[in-house]
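> no sequence on this one, just coordinates:
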């Protein structure tokens, strides 16, 4: 008799967020379609949250698509998106998740990402960037768009938003509400998922394109350093604030 094909439930974790809270490493992901949150205990990641959003209109469970962890007033929260909704969970206990609030927009804006720009929680969609307060009210918005929402980042700054496109990095100033600079890059492979690292102390942008990893002067656009690589295309460049740069 022929063997029936297996249906594996094992999925790879390739995106999410992590934070250190009360001397404990906390990691979160939505790659399984659920909001899963783990804590590092005894050298192992132990899952203490596994929840899916319930769609009461169709009486079924839906999927989460992205998550961002944030500490506020000594408490730890997980923000997650599903379709037209933004959820806020309190995970301070490190044992479970309590839903604080759910905000569903009424204008059919499908959220692609949830992130933290400076001190603000934001959602990113085909309609741009929306900024929220702690009670999930929209308090600001920016008309910044990209076919690849992954490429819209603040890189830990309160003032700037970086929008990475095929041939340039568009720098948007939140104070003046305008594009204040355009830095040139070379992505021959098209507009895939990209990220950069911004060092505000020396005002330099670190980015890797399909030709090299580059250190670019934020103000003039001059290339201050370069490392040629043969692993094109280039994707992400980052650092943890030390003397090292990491890129893929």
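Received the coordinates, thanks. Everything numeric in this text was worked out from a predicted model, so none of it was measured.
> Every contact and neighbour count from this point should use C-alpha atoms.
Will do.
> worst-scoring helix or strand of this protein, pLDDT-wise?
Using mean pLDDT, DSSP states H and E, strand 54-55 stands out as the lowest-scoring helix or strand of the chain, at a mean of 87.
> and after that one, which helix or strand comes next?
Later in the chain than strand 54-55, the nearest helix or strand by DSSP states H and E is strand 60-61.
> re the thing from before, tell me what the least confident helix or strand of the chain is packed against?
strand 60-61 (3 or more C-alpha pairs under 8 Å, 6 or more residues apart in numbering; DSSP states H and E).
> Can you tell me the strand partners of the strand it packs on and which way each runs?
The pairing partners recorded for strand 60-61 under DSSP bridges are strand 54-55 (antiparallel).
> List the contacts of the strand it pairs with.
Applying C-alpha atoms under 8 Å, 6 or more residues apart in numbering, the contact partners of strand 54-55 are 60-62.
> can you check stretch 196-212 too?
Stretch 196-212 is contacted by residues 155-157, 185-189, 195, 213-219, 226-239, 247-248 when judged by C-alpha under 8 Å, 6+ apart.
> Now the buried members of those.
By neighbour count, with 16 or more other C-alpha atoms under 10 Å, these hold 155-157, 185-187, 195, 213-218, 233-238, 247 as buried.
> Restricted to strands, list the contacts of stretch 196-212.
Within those, residues falling in strands by DSSP state E are 213-217, 226-228, 237-238, 247.
> Dump these to CSV, plus pLDDT and distance to residue 32.
Formatted as CSV, the ones in strands among the contacts of stretch 196-212 follow (pLDDT from 0 to 100; distance: C-alpha to C-alpha, whole Å):
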residue, pLDDT, distance to residue 32
213, 96, 32
214, 96, 35
215, 97, 36
216, 97, 37
217, 97, 40
226, 95, 38
227, 95, 36
228, 94, 36
237, 95, 26
238, 93, 25
247, 94, 26
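> quick one: which of the residues you listed is nearest residue 74?
Ranked by distance to residue 74 (C-alpha to C-alpha), those are led by residue 238 at 27.1 Å.
> rewinding a little: so which of the ones in strands among the contacts of stretch 196-212 comes closest to residue 80?
residue 238 (23.5 Å).
> How about that closest one: what's its closest non-neighbour residue?
Nearest residue to residue 238, sequence neighbours excluded (C-alpha to C-alpha, 6 or more residues apart in numbering): residue 197, at 4.8 Å.
> Distance of that neighbour relative to residue 72?
The spacing between residue 197 and residue 72, counted by C-alpha to C-alpha, to the nearest Å, is 24 Å.
> who has more neighbours, the two?
Taking other C-alpha atoms under 10 Å, residue 197 and residue 72 do not tie; residue 197 has more neighbours (25 against 10).
> how close does that one get to residue 92?
Going from residue 197 to residue 92 by C-alpha to C-alpha gives 29 Å.
> Ok, residue 113 next?
Distance, residue 113 to residue 92, by C-alpha to C-alpha: 23 Å.
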